[in-house]
Each structure stands twice: as C-alpha cells, then as structure tokens.
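1. Below are the sequence and a predicted model for it; my questions follow.
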Amino acid sequence: MLDFLKAPIQAVQEFYDLTGRALRNVLRHPHYLDDIKLQMDIIGVGSIPIVLLTGFFSGAVMALQMGRALQQYGQTGRVGTVVSIILVRELGPVLTSVMVAGRNSSGIASELGSMKVTEQIDAMRALGTDPVQKLVTPRMVATALMLPCLTVIDDFVGMVGGWIIAISIYGLPSRQYWSTTWHALVWNDVTQGLLKPFIFSFAVSLIGCFYGLRTSGGTQGVGRATTQAVVTASVTIFLLDFFLSKIFVSGGGGT
Amino acid sequence: MADLLRFEDVSVVFENDVRALDKVSFTVREGETRIILGAAGSGKTVLLKTAMGLVRPTSGRLFLFDEDVTDEPEAELFDIRSRIGMLFQESALFDSMTVAQNVAYPLLNQKAIQKQMPREKMEQAVRDSLRFVELEHTMDKYPSELSGGMRRRVAIARAVVTKPPLLLYDSPTAGLDPITAHTIMALIVKERDVDNTTALVVTHRYQDGNLVANFRYNPDSGRLDPVGQKGNTTAFMVLKEGRLIFEGNQTELEASSDPYISKFVKRPEREAA
C-alpha cells in the first residue's frame, strides 16, 4: 500500500521542486532573453490561429444557443450580456488554456523528452548550464506572458462570433449588441478573466516541462510523456478553474 | 603527478534498486589514459557520468582535481566541470543549433572559460577545434544534416574546444563502421598527444584500447606510428555488473585467465560483431 502511494507522492514532490527552481531562476542570472523571445513566438504567435478559430466558433455557438433560450422569455436583446460574461469569466480562459495545453504542453514535453533521451540535457549540465534555467524558466515566463494575451484575443473574437449571429439570425442592432456586451462586464470579471489564464499558464508550461524532463525509455517514453503532459495539464486547468471560480464567485458575491 | 580523478568505494544505486556501480575504487593520474572495457549494462556510462558529477554516488567519495566533490551542490560543480570534456554516447549535439553554435556552447556558457577567453577569440577557438576534427566546412550546418561519424567528430570538437585537462569518452566508436571508428579513435590519440590530456575511454571493442595503448600521433606525417611498451601510460579496467574486476596494463590484461575478461581480449571481432 505504501509503495503504491510512494510514486505519485514523489512525483508531486519533484513537481514542486521543479516549480520552485523555475520560479527562483526568474530573478537569477543568467537570463536567457533570446530563449524567452523564441518561446513567446512559438507559444504566443504560433497559437493565434487555433485561438481565433476556437474563439470565434465558441462565441457564435453560444449566441446561437443562448439566443434560443432567451427568446422564450422575450429577452433576445440580452444575447450580448450572456456571451460577454460567459466568455470573459469562463469559456475564454479555459478554452484558450486547454487549446494551448494541447498544442504546447505536448510540444514542450516531446521536445524536452527527446533532449532527455538523447543525453542533450546531460550535455547541457556538462557544458555549464542549468537545464531548468535554460529550458524551463523561459518556457514558464513566455507562457505566463502570452496566455493572458491570447485569452483577450479569444474573448474578443468570441464576441465578434456572437455579434454575427446576433445580427444575422436574431436581427439585433449592432449598437445594442456591443453596448450590452460592454456594460455586462465589471472589474471583477476582467480581473478573473486575466488572472485565470495567468495561473493556468503555469500548469501548461511546468507540467509539459516536468513530464519532458523525467522521460525515460527511448522514443516510446517520449510519446508517453507527451500524452501524460496533455492529459494532466488539461485536467489541472479544469480543477484549478473550479477552485478559482469558487473563490471569485464567493468573493464577488458581496459586490 | 597530481590525481585528476579518484573514486573511493563509489556505489550508485538507482530508484528501482538497480546497482549500477558497486564499490568502485580507482585513481587516474595526470597524463594517463584509461580504457574501460565492459559488456552493455556493466555500468560504463554510469561510471563516466558519475566522474562528471552528472550522477551522484549513493555511497563512497568522488575526488576531482584533488577536491572532494561528493556532496558539492550542482551550482558549485559547474566550475570543475569546465575542466572536463565529455563525449556522449549518442553525441548529444543540440539539434536546434548549428555546428558552430554547438562547438561555441561551452565557451559561451562556462563562467570559468569566459573569464579566461575574450569573446573575440572564441570564434577562432571554434574554428580551430573544428579544423582539428577536419570539419571546418560544416560550421553552418545543423547536426541533422551530418552523418553519424561526423556528428561524433563535432561532439569531439565541442568536448575539446575549451582545452580541458581531463577528457571522458563514452563509447566513441559504438554503432560506427570500422573505417569511421578508426578515424574517431585516431582523433582521440591525436588529442591526447597534441594537448597532453588525461582521458578515460569507455568501449566494448578491445582494438580501440589496443590502438590507444600502442600508437602515437606523429605531428610531422599526421599519421599514427606504433610505439613499444616503453613509457606506456595506458591502463585498462574491466567492469562487470557494476564491479571493477580488473585494473592493470595491457600485458596483465592479456594474461588474465578470467573467462569474462578473455572474451574481450582474445576475441574482439566477436564483440565487435
């Protein structure tokens, strides 16, 4: 029984150790700014197409479904409010993070995993660099900076998707749609909408790095690490989302 | 002569209770070349990684350049590692960098080297190192564009670019054809004789050890000339299941009656196959 528990507990401990080292390195010299820029390009700019697509269609689908439900109460004019609140508070951050996890946690895990099995990580240590400083910290910083930006893009594109449905199917005036969308949001929504992806970004990058760096067993191991990274990162995002929403809903309930 | 590397009863046990090294003790003095023979899984690679501080001993003590580094934290090891060059089994070149960037990597990332060498001299050092392995023309290529033998040579260039006094070669000829394998071994002999380095060479081919022990690089002709036993600084070690079962010179090795050892020594062609 104890042996059964030992492996997962040890894995969690190793994950926290890696997280601690990656965070400490943010303030430590040397800073690999070129690596951060490169990762920002790969993670941030590279993810824009999937964020645009998922954002647009999630907004459009939501307007379509919610419009029908609101029609029963004669409140079709409120489509913008619903789309805006759900996108900014919930769907934008979670959907963007899950998409980026699918794209980048896997990418990070397979890249670092391949480096591990071909001894490149050992070579890095042998040649004077700390792999956490050189590989993990830049990916963590880049994801933390890019994921909130991607979420903002996703939110906006989702609203555009909702707008197209609102004017074309429900015949709402554009002005009404955008004004309800804008007025629906309060500071709490915006804070929540930006803080969530920032926190999720650590799950996306660090889980990818963690599974990548503990890869063993050749190319088969790389495949295993990649799958584990995506599954764990996605589940962690939903889990964190539940707790963060709980905090914000209770915290925001009084206002 | 100073001791460059000393193992004192070093054992390495992995998480799954695999005993990779079992109470291994030996000393490598300056100017010596050690050939480490052993079958696959006998602990040869772990021994080299332990010597470099990449794998930590479970018990026993490790001394590098007369300094006890057994409990040294990772950050403190970087300085001492800059005085050791290592050739990894699979070359371990960084895929995302060009050949020149790979060779420049230790110069740009090792603090101890940066203090000694101004940045403008680094490019020349990279060029010299690639010329040493006769691959100067590949500077702008990526490792994936090179053949296995060329990758191994670039990795040698990267290991020697900082002119380290101690070099560790992990199976330099593994997976190579006999002609390329000979080229690589000739480079190792050349490096030893040109820069007077101390080296540990892990291999499963006895003829590699034989070449290192009995040939010397002739700077005039650029070839390897045979030398006698006189002044021979090559010693052999044999590992079996993590234990050091032999340590001595070539004559003693060839005289050994141990069946495991004689398999390496007397029938090298079978091992190579």
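-> Yep, that arrived.
2. Could you check how far residue B:227 is from chain A?
-> Relative to chain A, residue B:227 is positioned 32 Å away (C-beta to the nearest C-beta, to the nearest Å). Glycine gets a C-beta too; all of them are placed from N, C-alpha and C.
3. List the residues that contact the spatially closest residue to that residue that is not a sequence neighbour.
-> Sequence neighbours aside, residue B:216 is the residue nearest to residue B:227 in space, at 4.7 Å (criterion: C-beta to C-beta, 6 or more residues apart in numbering or on different chains). For residue B:216, the contacting residues are B:189, B:193, B:224, B:225, B:226, B:227, by C-beta atoms under 8 Å, 6 or more residues apart in numbering or on different chains.
4. same question, residue A:160
-> Contact partners of residue A:160, counting by C-beta under 8 Å, 6+ apart, are A:56, A:59.
5. Over to it: give its phi and psi.
-> Per-residue torsions, residue A:160: phi -60, psi -40 (degrees, to the nearest 10).
6. tally of neighbours for residue B:21?
-> For residue B:21, the neighbour count with other C-beta atoms under 10 Å in any protein chain shown is 27.
7. What parts of chain B come near chain A?
-> For chain B, the contact set with chain A under C-beta under 8 Å from any C-beta of the partner chain comprises B:49, B:52, B:54, B:74-75, B:78, B:81-82, B:84, B:86, B:88-90, B:92-95, B:105-106, B:109-111, B:113, B:158.
8. is it fair to say the residue nearest to residue B:227 lies in a strand?
-> Yes: membership of residue B:216 in a strand is supported by DSSP: H, G, I helix; E, B strand; the rest coil.
9. which residues does it form a beta bridge with?
-> Counting by DSSP bridges, residue B:216 forms beta bridges with residue B:225.
10. Just the residues of chain B next to chain A: which are in helices?
-> Among the residues of chain B next to chain A, the members found in helices (DSSP state H) are B:49, B:74, B:75, B:78, B:81, B:105, B:106, B:109, B:111, B:113, B:158.
11. So which of the residues you listed wins on neighbours?
-> For those, the largest number of neighbours (other C-beta under 10 Å) sits with residue B:158, at 31 neighbours.
12. now the helices for the stretch 1-150 of chain A?
-> Using DSSP state H, counting those that start in this stretch, the helices of the stretch 1-150 of chain A run over A:2-25, A:33-39, A:46-71, A:79-86, A:92-100, A:106-117, A:120-126, A:131, A:137-168.
13. so residue B:220 is in which element?
-> Using DSSP states H and E, residue B:220 maps to neither a helix nor a strand.
14. Near the closest residue to chain B within the stretch 151-255 of chain A, how many other residues are there?
-> Residue of the stretch 151-255 of chain A nearest chain B, by C-beta to the nearest C-beta: residue A:216 (10.4 Å). Applying other C-beta under 10 Å, we find 12 residues neighbouring residue A:216.
15. Next, it: secondary structure please.
-> Classified using three-state DSSP, residue A:216 is coil.
16. got the contact list for it?
-> Taking C-beta under 8 Å, 6+ apart, we find residue A:216 in contact with A:116, A:117.
17. which residues touch the residue nearest to the spatial centre of chain A?
-> Centroid-nearest residue in chain A, with C-alpha atoms, centre = their mean: residue A:97, separated by 2.1 Å. Residue A:97 sits next to A:147, A:151, A:196, A:197, A:200, A:201, A:203, A:204, A:237 when contact means C-beta under 8 Å, 6+ apart.
18. cool, residue A:115 as well?
-> Applying C-beta under 8 Å, 6+ apart, one finds that residue A:115 lies in contact with A:121, A:124, A:135, A:212, B:95.
19. Tell me the pLDDT of the fourth one.
-> Looking back up the chat, that one is residue A:212. For residue A:212, the model assigns a pLDDT of 95.
20. check contacts around it.
-> A:108, A:109, A:110, A:111, A:112, A:113, A:115, A:116, A:225, A:229.
21. cool, and the third one?
-> If you count contacts by C-beta under 8 Å, 6+ apart, residue A:135 has them with A:35, A:112, A:115, A:121, A:124, A:209, A:213.
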